[in-house]
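Enquirer: need a structure here:
(chains A and B)
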Number of protein chains: 2
Amino acid sequence: MRYAVDLNALAAIVGANNVSARQPDLAAHSIDESYVAPSLPDAIVWPDSTEQIAQVMRYAYEHAIPVVPWSGGSSLEGNPVPVAGGIVLAMYRLNKILNVNEPDLQVTVQPGVIYDDLNAHLRRLGLYFPPAPGSSDVATLGGMVANNSSGMHAVKYGVTRNYILQLKIVTPDGRIMEIGSRAKKSTSGYDLVGLFIGSEGTLGVITEITLRLMGMPEQVASAVAVFDTLEAATATVYDAVRYGLDIAAIELLDAGTVHVTNVQQGLSLREAPTLFVEFHGSKAGVSDQTAYMQEICNDNHCLSFESADTPEQRSILWAARREARNSIKLYHAGEVLMSGDVCLPMSRFGEMVTFVHQVSTETGLQIYAFGHAGDGNLHTEIIIARDDEAMARLGNQATERIVRHALSLGGTIAGEHGVGLAKKPFIEQEHGAAVDLMRAIKQALDPRGIMNPGKIFA
Amino acid sequence: MRYAVDLNALAAIVGANNVSARQPDLAAHSIDESYVAPSLPDAIVWPDSTEQIAQVMRYAYEHAIPVVPWSGGSSLEGNPVPVAGGIVLAMYRLNKILNVNEPDLQVTVQPGVIYDDLNAHLRRLGLYFPPAPGSSDVATLGGMVANNSSGMHAVKYGVTRNYILQLKIVTPDGRIMEIGSRAKKSTSGYDLVGLFIGSEGTLGVITEITLRLMGMPEQVASAVAVFDTLEAATATVYDAVRYGLDIAAIELLDAGTVHVTNVQQGLSLREAPTLFVEFHGSKAGVSDQTAYMQEICNDNHCLSFESADTPEQRSILWAARREARNSIKLYHAGEVLMSGDVCLPMSRFGEMVTFVHQVSTETGLQIYAFGHAGDGNLHTEIIIARDDEAMARLGNQATERIVRHALSLGGTIAGEHGVGLAKKPFIEQEHGAAVDLMRAIKQALDPRGIMNPGKIFA
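Expert: This next block holds a predicted model:
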């Protein structure tokens, strides 16, 4: 035990059944989906309300005990791993949809609500929350706000940040407050909501989220285009974005990723660089866009172009992309996946993908490359044999080369997975002296340094 | 002189010709477009570079002298009025477009570049920056970032915040740093860019701005719909938004505003509540949208509906809206305009407009109401005779009633004009304890309190 957490004091707040220091509970909250080393907390609490969270925070603040909010645990950079020990605040039972404000196309939810569950609930109203993270079946709204998550539909609809109107938060010293506004626009004071979005639990606890929603599109069409080379595929993405096509998703899979999805999902896609594209709009609109897209693909000498506008056809086309990471994980069961997530200015995306393949060739490591190409967001998965330290070192070196190359091309070290632990070594190189401003803000809002310590920056 | 500003020390930084403490220069930088009382600074400097600004800040920091960045002076809440005296940092000569990164649809500008000038420059590339503030011929990019400005096209394209990728800033103690990323998405550390946007010059000086651009729409169509009652007009706005029309602008003018624009612009519009609507998209798309809009207007019993799709016709239709505030100003030359800027959740916008007219009736004050209806953003102009203190008191009371009513309907005190001085009395009511977080951030980033002191919160 790194901190002498008083379980009785916590039990007095949340009830004895909602506190644990049992080994299996601690272990279950010691690691996310990333490859960083597990770290055990000293206690888990499962609060039932904002008021309970405030009381837990007051206890922790008084005793200077670290607190880490934990919702889905599906993050990929070690974001909620309790590296300093202390209390894990398990948020996933706070999973109520509190209020659908249908006249204003808004919804208020607790942070434990899962993305897919929210959209299933909203479907009957013809509404939805568009960002579409890859792990949509496990990603919680709280985690999405904490990490500013996004996904396939960000290219058209933007990221989580673009949808959050208001948050209820608990400060590190246990004050409850609301930040933001339910008006669609506001210029009233500093953008506190924006600051909390993407702060990875380091500034306070988010206990309620009000977000705006979109109406479901009248028509959805999708297409799959296969190319001989990665260069042709990425040139196509660039042309589509540059010529202003109204793309709702444009996803790239390299040949290796197509291969493992074929094996794991029982598909028979041609194993070559492939784009999955989606259009949302009116019937006439998506048909126009699909035709433009086909033209651009042909100009870039695609090997094939297949479009679909029924839900059944679409879901087959999309199975490959949606399940890309899962397929890699299953294919390499027993091995370790080192996940990457850089994001580039659009004109440099192609170079970046080529560089990743070059690193793979040079190191002999298997590296899969895929991602939200329309945003310049490239994901990589480096395959490492379990307990092979030399290979892990090689993987870390490859990750470092990829991240530094992204920076040299004007990109960012984190497109949508946040910084957590895994990207922390690179934050100074990306932001330079601006990290000092982040530190000053952290110090101002969390003076005792108890909120998810050890993350984002040193 | 409130501060003993050493003009020689400033002249050594920016050159003797670029410093002034002459009365006309001080007076020209003592008041913006708002009705707040003028306040003279002690000195004006016109810097030529980021490096000079950093040196000015180091001088001011050392001597604890207030510094107020001043770009267009077109703000409406007293945002840059130097209430504490000190140095006005005149940014409007820093008006270069530094770099158009056409492959990535980005541009880097100095803060003194005027909105219309930027878009004129970009037109040959088929690109533009969409927010469209009302004072587009004088509003600078620096001011737009500082106030998170928006305007007619925000309903489709979002506000300034949604376009800013990277800022070069100078901290209050004179450090130069870059914040943000040129990648379209980033989850790398705290959103410092977001914090500076809308901070009204209270956290540091913005010296370079990199923003993303949009491609100009293939087709633009517009329409004007006239209604018997304000209720019918606002119900139409609500229906159009709720049914998900892809509106690029939807502007409301009340009958009084139409009257003064007729008089001042030589138009002969029917003097009744009027909506000005614009659609951007493909030829087929805008034609579909215009037809849907006409249907919604008919369902709400519009008196007339006129559409146009040539630039000439459109510019006549739009003259009224674009010049609304100017027309009121000219019509009431010699009188004072108290400008208002609340923003409501969409479902409450109609109630808000009705309330404003009720306040006008009850007080006998002439109040014009117009605004960016599709965002729920209502502007008001209360007409006050010059030097009539009793009337000014009545006007302030009316403003207070309007703002408090907006809050009671779940709205915000500032839709797009910021807080400045005029909205400062209401910030606690809107944000409650969250204002303490804003204060903590201000204290952390500007520990000597020299950046535009006296603004936003007490």
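Enquirer: Name the single longest helix found in chain A.
Expert: For chain A, the helix with the greatest residue count under DSSP state H is helix A:389-408.
Enquirer: so how far is that helix from its chain's centroid?
Expert: Its chain's C-alpha centre and that of helix A:389-408 lie 21 Å apart, by C-alpha atoms, centre = their mean, to the nearest Å.
Enquirer: Also stretch A:184-201?
Expert: Chain-centre distance of stretch A:184-201: 18 Å, with C-alpha atoms, centre = their mean.
Enquirer: Any residue of the helix or strand just after the longest helix of chain A touching chain B?
Expert: Moving toward the C-terminus from helix A:389-408, the next helix or strand (DSSP states H and E) is helix A:427-431. Yes - using C-beta under 8 Å from any C-beta of the partner chain, helix A:427-431 reaches chain B at A:427, A:430, A:431. Yep, even glycine has a C-beta here, placed from its N, CA and C like the rest.
Enquirer: List the single closest residue to residue A:110 in space, sequence neighbours excluded.
Expert: The shortest distance from residue A:110 to any non-neighbouring residue, by C-beta to C-beta, 6 or more residues apart in numbering or on different chains, is to residue A:94 (4.0 Å).
Enquirer: where's that neighbour relative to residue A:60, distance?
Expert: 18 Å (C-beta to C-beta, to the nearest Å).
Enquirer: Look at residue A:42 and report its pLDDT.
Expert: Looking at residue A:42, its pLDDT stands at 98.
Enquirer: That one: neighbouring residues, count only.
Expert: 20 (other C-beta atoms under 10 Å in any protein chain shown).
Enquirer: likewise residue A:121?
Expert: Applying other C-beta under 10 Å, we find 16 residues neighbouring residue A:121.
Enquirer: if we can go back for a sec, which element is the residue nearest to residue A:110 on?
Expert: Using DSSP H and E, residue A:94 sits within no helix or strand.
Enquirer: tell me the phi and psi of it?
Expert: phi -80, psi 70 (degrees, to the nearest 10).
Enquirer: Up against chain B, what does the stretch 51-200 of chain A have?
Expert: Residues of the stretch 51-200 of chain A lying near chain B by C-beta under 8 Å from any C-beta: A:101, A:103-106, A:147-150, A:154, A:158-159, A:161-162, A:171, A:175, A:177-179, A:181-192, A:194-195, A:197-199.
Enquirer: Make a ChimeraX selection of the buried ones in the residues you listed.
Expert: Of these, the buried ones go into a single ChimeraX selection, burial set by 16 or more other C-beta atoms under 10 Å in any protein chain shown:
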select /A:101,104,105,106,147,148,149,150,154,158,159,161,162,171,175,177,178,179,181,182,183,184,185,186,187,188,189,190,191,192,194,195,197,198,199
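Enquirer: what about the nearest residue to residue A:413 once chain neighbours are set aside, how many neighbours?
Expert: Of all residues not flanking residue A:413 in the chain, residue A:426 sits nearest, at 4.5 Å (C-beta to C-beta, 6+ apart). By the measure other C-beta under 10 Å, the count of residues near residue A:426 is 21.
Enquirer: low-scoring stretches of the stretch 51-200 of chain A, by residue?
Expert: For the stretch 51-200 of chain A, applying pLDDT under 70 flags no range at all.
Enquirer: Helices along that one, start to end?
Expert: With DSSP state H, counting those that start in this stretch as the criterion, the stretch 51-200 of chain A has helices at A:115-122, A:141-147, A:154-157, A:192-196.
Enquirer: Please work out which of the ones you listed is packed deepest.
Expert: Among the helices of the stretch 51-200 of chain A, helix A:141-147 has the highest mean neighbour count (mean count of other C-beta atoms under 10 Å in any protein chain shown), at a mean of 30.
Enquirer: Touching that one from outside, list them.
Expert: By C-beta atoms under 8 Å, 6 or more residues apart in numbering or on different chains, the residues outside helix A:141-147 that reach it are A:69, A:71-72, A:74-75, A:79-80, A:91, A:94, A:109-115, A:118, A:131, A:133, A:149, A:160, A:164, A:167, A:196-201, A:206, A:209, A:211, A:416-418, B:187.
Enquirer: Could you do stretch A:115-132 as well?
Expert: Residues contacting stretch A:115-132 (C-beta under 8 Å, 6+ apart): A:95, A:97, A:100, A:102, A:105, A:107, A:109, A:133, A:136-137, A:139-141, A:144, A:149-154, A:156-160, A:163, A:211, A:213-216, A:249.
Enquirer: Could you do stretch A:281-291 as well?
Expert: Identification of contacts with stretch A:281-291 by C-beta under 8 Å, 6+ apart yields A:217-221, A:223, A:245-247, A:279-280, A:307, A:309, B:281-282, B:284-285, B:288.
Enquirer: what's the offset of that stretch from the middle of its chain?
Expert: Worked out by C-alpha atoms, centre = their mean, stretch A:281-291 lies 29 Å from the chain centre.
Enquirer: List the buried residues in it.
Expert: For stretch A:281-291, the neighbour count (16+ other C-beta under 10 Å) marks A:281, A:282, A:285, A:286, A:287, A:288, A:289, A:290 as buried.
Enquirer: Turn these into CSV, including secondary structure.
Expert: Below are the buried residues of stretch A:281-291 laid out as CSV (DSSP: H, G, I helix; E, B strand; the rest coil):
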residue, secondary structure
A:281, strand
A:282, coil
A:285, helix
A:286, helix
A:287, helix
A:288, helix
A:289, helix
A:290, helix
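Enquirer: out of those, what pair is the most spread apart?
Expert: Distance extremes for the buried residues of stretch A:281-291: the farthest pair is A:282 and A:290 at 12.6 Å, using C-beta to C-beta.
Enquirer: how about the longest helix of chain A: buried residues?
Expert: Under the neighbour-count criterion of 16+ other C-beta under 10 Å, helix A:389-408 has A:391-392, A:394-396, A:398-399, A:401-403, A:405-407 buried.
Enquirer: which strands and helices sit next to it?
Expert: Helices and strands touching helix A:389-408, by 3 or more C-beta pairs under 8 Å, 6 or more residues apart in numbering or on different chains; DSSP states H and E, are strand A:335-343, helix A:349-363, strand A:377-385, helix A:427-431.
Enquirer: May I have the residues that are in contact with residue A:83?
Expert: The neighbourhood of residue A:83, defined by C-beta under 8 Å, 6+ apart, consists of A:39, A:421, A:453, A:454, A:455.
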